[in-house]
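Peer 1: mind folding the following:
(chains A and B)
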Amino acid sequence: MAEPAVELDGLTRRFGSFTAVDSLSLRVERGEVFGFLGPNGAGKSTTIRMLCGLLRPSAGEGTVAGVDITRSPEPLKPKIGYMSQLFSLYDDLTVEENLRFFGGIYGLPHGELEEALPPALRKAGLEDSAGRMTGTLPPGWKQRLALASAVLHGPEVVFLDEPTSGVDPVTRRRFWDRIYALADGGVTVFVTTHYMREAEYCGRLGMISRGRLIAVGTPGELKGRVHPGGILLVTCDDASAAAGRLEGLAGVEDAAPTGSGVRVVPAPGASSGQVTSAVESLGLGDCRIETTEPTMEDVFVSLARRDSGGEGA
Amino acid sequence: MTHAPAVELDAVGRTFGGRAGLDGVSLRVGRGEVFGLLGPDGAGKSTLMRIVATVLPPTSGRARTLGLDTVEDSTEIKRRIGYMSQRFGLYSDLTVTENVRFYADLYGVGPDFRNRRSGELLQRVGMLEFSGRRAGKLSGGMRQKLALVCALVHTPELLVLDEPTNGVDPVSRRELWKLLREMAGGALTVIVSTAYLEEAEWCDRMALLHGGRVLAAGRRDEVAGLMSDAVLSISTSAPARARHLLSDSGPGLRAWAWGDSVHVATASPEEDAARIRSILSGAGMECEVVRVEPELEDVFVAAVGDWDG
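Peer 2: Numbers count the residues shown, from 1 in each chain, chains lettered A, B, ... in the order given. Coordinates of the predicted model:
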């Protein structure tokens, strides 16, 4: 079996007395699309910076694409690609010039660069726009160019930092088609996102909170583990008042008023039946209770809250 | 008390150097509503909010905020609304209390009322204990809450929030929505823009925007009604492979990944459910096909079209 794309054992990073990343152990296989989630300040960026060789770990071990990340980062550079939300593209260069520039940065030899350009333009759907100024491209096109720039040199692992923030769903779906195609080709894709719809597109997810990895699994596994009984939707009048009364009830972890009722999250160990009878006992009058699938956002919010002892992040 | 609607837009347009930022938008936001402006970057959300907040005049049509004309009565409107733009100015070297005081003074709120009101608001957003902290030392979620307090300190009738949840993590995002829903109603109307379409759930009514136009407006179920096609959800052990098989199976099946499952939009759900089962079982795959309620994301894709798999 091939060595994993990412293998971390007790990876730790301290800044002074603050432990930003605490004994993180994780294995990501080749060709996986792995989503890395966590609240702001939980240690996501610090972890990514270590995985990209930009920051030395304080303790622990780790390899990315088989390269030891506790040593010199130079051998790592050609094996990884990085695309951030801010798409570090040059607006005043043409599409092709941007690709050449990034190919050069990642150390792609001239001959290979010439060979890699046409298929890269084609896969990004930019073959007719090679000479166009990057600054004039629509956002979705820029995004495809940014991805093409990050993978032109044929990296084994690609890091995407909030790649589709703010783009429309059609563009996002197309972008993810490209990501799946990369993964089908054996490239490992490591994605961070606050966009829980995007998290749903990942094959597996890891969630970091206060520097520690607190959950790993497929979206379905995490939903089943965190909210085995599902979420309750209570449709009623005056949802805000109802939410306020529901919040104090035993077995209710959270009650959030929606546009049409209340979204009730059962506490760990509470069955949806228990919660249903608790809701009924309130005598809210004319109300309807139905069970629904948890979203990744429900999962994220519950994991983060439970980890921080019920306080908000 | 009878009131004019919080916002009334009649064929409002706005061009920027010949390019339409907003194109013939008509909308009505009732008093006390939490109204969502949903759409991707560039849909026209901020332009619409700037017109409502009277910081940008429309180039065509007529806009009324709190029953007043946004061009002629701009000063009066500004006094009675709170507007939090994407770059809302908090002073990072001032404390939480000092920031609130600054905005109160700006709106001419007297000191007694100001102290009582800011105390109430800070308590409500759970920040009373951080009153003495400098704004620059707050987390992203707390900065948003402080901005909210500053925008509310003069007791506006309408609160206009431009993408307050952008880049905010899901926990803070959910807290913010909860807060907005608690505060809205009665005397306070809230208009919120967001690119996260699933946040429709927290709005009473909403408008789905794209390319400067309103695709649909109303309650969530009304907006979802824009999509005539049904959505089928297919669970299999190999969703990526299933998606390819379905997309390549000939005309009619538009399939996309949805978490661990595959979604298909179809005009004939029964027929296509059977077809999907036979395609996948023909490939030796077990599957479960159920019809699901369309998400706003599905609605958006269906309405915008331009779908090439």
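Peer 1: so what's B:Ala53 scoring on pLDDT?
Peer 2: B:Ala53 carries a pLDDT value of 96.
Peer 1: ok, it to chain A distance?
Peer 2: Counting by C-beta to the nearest C-beta, to the nearest Å, the separation of B:Ala53 from chain A is 21 Å. To be clear about C-beta, it is placed using only N, CA and C from the backbone, and glycine gets the same treatment.
Peer 1: how about that residue: what's its closest non-neighbour residue?
Peer 2: In space, and not counting its chain neighbours, B:Ala53 is closest to B:Tyr83: 4.1 Å by C-beta to C-beta, 6 or more residues apart in numbering or on different chains.
Peer 1: isn't B:Leu296 up against B:Ala207?
Peer 2: No: at 11.4 Å, B:Leu296 does not count as touching B:Ala207 under the criterion of C-beta atoms under 8 Å.
Peer 1: so what sits against both of those two?
Peer 2: Overlap of the contact sets of B:Leu296 and B:Ala207 (by C-beta atoms under 8 Å, 6 or more residues apart in numbering or on different chains) consists of B:Leu38.
Peer 1: of the two, which one has the most company?
Peer 2: Neighbour count, other C-beta atoms under 10 Å in any protein chain shown: between B:Leu296 and B:Ala207, B:Ala207 has more, with 28 against 25.
Peer 1: wait, a strand at the more buried one?
Peer 2: Yes: using DSSP: H, G, I helix; E, B strand; the rest coil, the assignment for B:Ala207 is a strand.
Peer 1: in its sheet, what does the worst-scoring helix or strand of chain B on mean pLDDT sit against?
Peer 2: Among the helical and strand segments of chain B, the one scoring lowest on mean pLDDT, DSSP states H and E is strand B:254-258, with a mean of 79. Strand B:254-258 has its sheet partners listed here by DSSP bridges as strand B:261-266 (antiparallel).
Peer 1: pull the residues that contact the strand it pairs with.
Peer 2: In contact with strand B:261-266 (C-beta under 8 Å, 6+ apart) are residues B:227, B:229-236, B:239, B:242-243, B:246, B:252-257, B:272, B:276, B:292, B:294, B:298, B:301-302.
Peer 1: any of the residues you listed buried? List them.
Peer 2: Neighbour-count burial (16 or more other C-beta atoms under 10 Å in any protein chain shown) is assigned, among the contacts of strand B:261-266, to B:227, B:229-236, B:239, B:242-243, B:246, B:253-257, B:272, B:276, B:294, B:298, B:301-302.
Peer 1: dihedrals phi and psi, A:Val189?
Peer 2: Phi and psi for A:Val189, reported as degrees, to the nearest 10, are phi -120, psi 120.
Peer 1: domains in the chain, as residue ranges please.
Peer 2: No chain was given, so I picked chain A. Split into domains by automatic domain parsing, chain A comes to A:6-223, A:228-293.
Peer 1: switch to chain B, please.
Peer 2: As given by automatic domain parsing, the domain ranges for chain B are B:7-224, B:230-293.
Peer 1: now the longest one, how far from the centre of its chain.
Peer 2: Pointing back at domain B:7-224 there. Relative to its chain's centre, domain B:7-224 lies at 10 Å (C-alpha atoms, centre = their mean, to the nearest Å).
Peer 1: where do the strands sit along the stretch 51-200 of chain A?
Peer 2: A:59-64, A:67-68, A:80-84, A:157-161, A:188-192 (DSSP state E, counting those that start in this stretch).
Peer 1: Serialize these to TSV and add fields for mean pLDDT, distance to A:Ala242 and mean neighbour count.
Peer 2: Output for the strands of the stretch 51-200 of chain A, formatted as TSV (pLDDT from 0 to 100; distance: least, C-beta to C-beta, whole Å; neighbours: other C-beta atoms under 10 Å in any protein chain shown):
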stretch	mean pLDDT	distance to A:Ala242	mean neighbour count
strand A:59-64	96	48	19
strand A:67-68	95	55	17
strand A:80-84	90	42	21
strand A:157-161	94	39	23
strand A:188-192	95	36	25
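Peer 1: near chain A, which residues of the stretch 101-250 of chain B?
Peer 2: Taking C-beta under 8 Å from any C-beta of the partner chain, the part of the stretch 101-250 of chain B that reaches chain A is made up of B:126, B:139-141, B:166-175, B:177-178, B:181-182, B:185, B:195-198, B:200-205, B:210, B:219-220, B:240.
Peer 1: B:Arg80: neighbouring residues, count only.
Peer 2: 16.
Peer 1: and what of B:Ser139?
Peer 2: Per other C-beta under 10 Å, the neighbour tally for B:Ser139 reads 17.
Peer 1: surely it meets B:Met127?
Peer 2: No: with contacts counted by C-beta under 8 Å, B:Ser139 stays clear of B:Met127, the gap being 10.9 Å.
Peer 1: okay, helices next: where are they in the chain?
Peer 2: Since you didn't name a chain, this refers to chain A. Under the criterion DSSP state H, chain A contains helices at A:44-51, A:95-105, A:110-123, A:139-151, A:169-184, A:196-200, A:219-226, A:239-247, A:272-281, A:296-307.
Peer 1: please refer instead to chain B.
Peer 2: With helices called from DSSP H, chain B shows them at B:45-52, B:74-80, B:96-106, B:111-124, B:140-152, B:170-183, B:220-224, B:239-247, B:269-282, B:296-304.
Peer 1: so what's the residue lying closest to A:Pro155 once chain neighbours are set aside bridging to?
Peer 2: The spatially closest residue to A:Pro155, leaving aside those adjacent along the chain, is A:Gly81, at 3.9 Å (C-beta to C-beta, 6+ apart). Note on A:Gly81: beta-bridge partners by DSSP bridges are A:Val158.
Peer 1: re earlier: quickly compare the domains of chain B and say which is most buried.
Peer 2: domain B:7-224 (a mean of 19; mean count of other C-beta atoms under 10 Å in any protein chain shown).
Peer 1: can you list the residues of the stretch 101-250 of chain A near chain B?
Peer 2: A:139, A:162, A:165-171, A:173-174, A:176-177, A:180, A:184, A:194-197, A:200-201, A:218-220, A:239-240, A:243-244.
Peer 1: the residue nearest to A:Ala150 when sequence neighbours are not counted and chain B: what is the separation?
Peer 2: Across the structure, with C-beta to C-beta, 6+ apart as the measure, the residue nearest A:Ala150 apart from its sequence neighbours is A:Gly81 (3.7 Å). When C-beta to the nearest C-beta is the yardstick, A:Gly81 and chain B sit 21 Å from each other.
Peer 1: ok, A:Gly60 next?
Peer 2: Taking C-beta to the nearest C-beta, one finds A:Gly60 at 25 Å from chain B.
Peer 1: ok, back up a step: export the domains of chain B to TSV and tack on distance to A:Thr188?
Peer 2: Formatted as TSV, those follow (distance: least, C-beta to C-beta, whole Å):
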stretch	distance to A:Thr188
domain B:7-224	25
domain B:230-293	15
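Peer 1: sweet, I'm off.
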